[in-house]
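*Asks:* Okay, sequence plus prediction incoming.
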Amino acid sequence: MAKPKPNAHQLTRSLKMRIYPLTAWSEEERKTFYQMLNQQSYIARNIANETVRVAWLRSGKMPVPYEKDTEGYHYYCAKWPDMAPSNVNQVFRWAKKKYRAHSKAIFVGDESLISFRKGSPILLNNQHDYKLMEKNGSYEVDAQFLPSRNQKGEKQQNRWTFGLSNLPRDYEGAKILKRLAAGELHRGQAAITKKKGKWYFILSYSIPQEETAVKDLLDDRIMGIDLGVVKPAYYAFTYHGEIQKDRGCIDGDEIAEFRRRVEHRRQAISRQFKWSNRKGHGLKRAMEPVNKLGDKIRNFQLTCNQRYAHFLVKMAVKHRCKHIQMEDLSGINKNSLFLKYWTYYSLQEQIKNQAEKYGLDVTLVKPAYTSQRCPICGHIESANRQTQEAFTCQSCGYGDKSKGSYFVNADYNAACNIATPHIDEIIADYVKSHLELKKANNQQE
Ligand SMILES: [Zn+2]
């Protein structure tokens, strides 16, 4: 069979599994294997840190971007002769990509220079750096780690074959692993990382979108998502422009609880720190828990966002919505409390990824006035939001209990507006015509 190649309509996913030694290995062989992994991870970490450091130095001195791959590659291979050259190349490229993604923020001082800590991944290229094999329902990986010759020019063991455990239990994941081993799906880069003393094998692969897209989505159905502080997200639906009763939100309790715990921990650390006079290495050690705390926050946000995105897109699919509409956050001030509260950008990215998987389209709409607009009569006025929680239309009385209406949650209301087709144009037209009306009135006076 011809090897499938990735194309524009493929989606990248990954599987994470535990590495375990083969039963046939002696105690000595096991020890050698883990020592080798530790050493390779240590080298990978040094290469990554060096890459970032050099990129930073160069970008400071010269206006030209750091592009000379080959020059860098040979330099790194010569400097770290105990890692297979193609693995060196993978780590080098990976670190450079990370640096580029953050360089803007680093330059303006929003972020400090990236530093790779313990447990840096050993990266393997998809081609011949590793092979995946199935043996009676269990899986083995054959991978290259060291150069075929050592520094003295003698031949040495450079490949290892190890087992995988903690295989995906879900039917879909297991099926994918089988197809990957059979060469039916395209295998991507693999990463070997150590976490809490355990080694993991993370395999990326691409899957054609035709396989995952939902077939019976309807073009005139839209899910609108409003991002907020009290609850991370509210959602509402419109079918051919009509607002549906079915709506909901994601509970933010776990976020609030997590923030409380983190704040508590941070205060405890800084109290400890205040009374000690540590400098140099001592200072570095004292700061370690704070750095780790940052990692913990990032990881927590990432997993929460993945879960939220998954839930939201599943809801859209359940309602057979072909479209998801969300606020365009690019206009929002970077320092606003809203963006400090939660990583909404990454949440939106996750939603886009999930939506793409199922064949949904994502449209970003301008957030201006979506919280002040009445979805029933279209009236826009800041007084429609008299409190943070409630929406009451000053024109038609929607949400006004004294006029016989029921309570309308302001965030649900914003989600309804965001779910409205062509909402950008509708609001722009309304604002424009009201400005003209005001002008005309002023001229009459
Ligand atoms: Zn109204």
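*Replies:* Thanks, I have it.

*Asks:* buried stuff in the helix or strand encompassing His434?
*Replies:* For His434, the enclosing helix or strand under DSSP states H and E is helix 423-444. For helix 423-444, the neighbour count (16 or more other Cβ atoms under 10 Å) marks Ile423, Asp424, Ile426, Ile427 as buried. C-beta coordinates here come from the backbone N, C-alpha and C atoms, glycine included.

*Asks:* now the longest helix along the chain, how far from the centre of its chain.
*Replies:* Ordering each helix of the chain by length in residues (DSSP state H) puts helix 281-318 first. Taking Cα atoms, centre = their mean, to the nearest Å, one finds helix 281-318 lying 10 Å from the centre of the chain it belongs to.

*Asks:* and Tyr205, how many neighbours does it have?
*Replies:* Neighbour count for Tyr205, taken as other Cβ atoms under 10 Å: 23.

*Asks:* same check, this time on Arg260
*Replies:* Using other Cβ under 10 Å: Arg260 sits among 10 other residues.

*Asks:* picking up where we left off before, which residues touch the helix holding His434?
*Replies:* Gln325, Val365, Lys366, Ala368, Tyr369, Thr370, Arg373, Gly378, Ile380, Asn417, Thr420 (Cβ atoms under 8 Å, 6 or more residues apart in numbering).

*Asks:* got any ranges where the stretch 51-200 of the chain has weak pLDDT?
*Replies:* 59-72, 104-111 (pLDDT under 70).

*Asks:* List the buried residues in the helix or strand containing Ala48.
*Replies:* Element membership of Ala48 [criterion: DSSP H and E] is helix 27-61. For helix 27-61, burial by neighbour count (16+ other Cβ under 10 Å) applies to 33, 36-37, 40-52, 54-56, 59.

*Asks:* Please tell me how far it is from the chain's geometric centre.
*Replies:* 24 Å.

*Asks:* any idea which helix or strand comes after the helix or strand Gly173 falls within?
*Replies:* Assessed by DSSP H and E, Gly173 sits inside helix 171-181. Per DSSP H and E, the first helix or strand lying C-terminal to helix 171-181 is strand 186-195.

*Asks:* what helices or strands is that next one leaning on?
*Replies:* Here strand 186-195 touches strand 10-20, helix 27-61, strand 122-124, strand 138-144, strand 198-208, going by 3 or more Cβ pairs under 8 Å, 6 or more residues apart in numbering; DSSP states H and E.

*Asks:* and the angle from that strand to helix 171-181?
*Replies:* In terms of direction (axes from the mean of the first three to the mean of the last three Cα atoms, to 10 degrees), strand 186-195 departs from helix 171-181 by 110 degrees.

*Asks:* Numbering from 49 from now on, please.
*Replies:* From this message on, residue numbering opens at 49, which makes the last subject strand 234-243.

*Asks:* I'd like the distance between Pro195 and Thr418.
*Replies:* With the distance defined as Cβ to Cβ, to the nearest Å, Pro195 ends up 58 Å from Thr418.

*Asks:* out of these two, which sits in the more crowded spot?
*Replies:* Thr418 (25 against 19).

*Asks:* got a list of what the more buried one touches?
*Replies:* Asp274, Glu375, Ala462, Asn465, Ile466, Ile471, Ile475.

*Asks:* Am I right that the second one is in contact with Val413?
*Replies:* It stands for Glu375. Yes - counting by Cβ atoms under 8 Å, Glu375 does reach Val413; the two are 6.5 Å apart.

*Asks:* shared neighbours of those two, which are they?
*Replies:* Ile466.

*Asks:* any chance you could map the helices in the stretch 299-448 of the chain?
*Replies:* Secondary structure of the stretch 299-448 of the chain (DSSP state H, counting those that start in this stretch): helices at 301-322, 329-366, 385-389, 392-406.

*Asks:* Serialize these to JSON lines and add fields for mean pLDDT and distance to the ion.
*Replies:* Listed next are the helices of the stretch 299-448 of the chain as JSON lines, based on pLDDT from 0 to 100; distance: least, Cβ to the ion, whole Å:
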{"stretch": "helix 301-322", "mean pLDDT": "76", "distance to the ion": "32"}
{"stretch": "helix 329-366", "mean pLDDT": "80", "distance to the ion": "27"}
{"stretch": "helix 385-389", "mean pLDDT": "62", "distance to the ion": "26"}
{"stretch": "helix 392-406", "mean pLDDT": "89", "distance to the ion": "28"}
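
*Asks:* looking at those, which is buried most?
*Replies:* Burial of the helices of the stretch 299-448 of the chain is given as mean neighbour count (mean count of other Cβ atoms under 10 Å); helix 392-406 ranks first at a mean of 19.

*Asks:* Give me the contact list for that one.
*Replies:* Against helix 392-406 from outside (Cβ under 8 Å, 6+ apart): 59, 257, 260-262, 265, 273, 275, 280-281, 349-350, 353-354, 356-358, 360-361, 364-365, 372, 374, 377, 386-387, 409-410.
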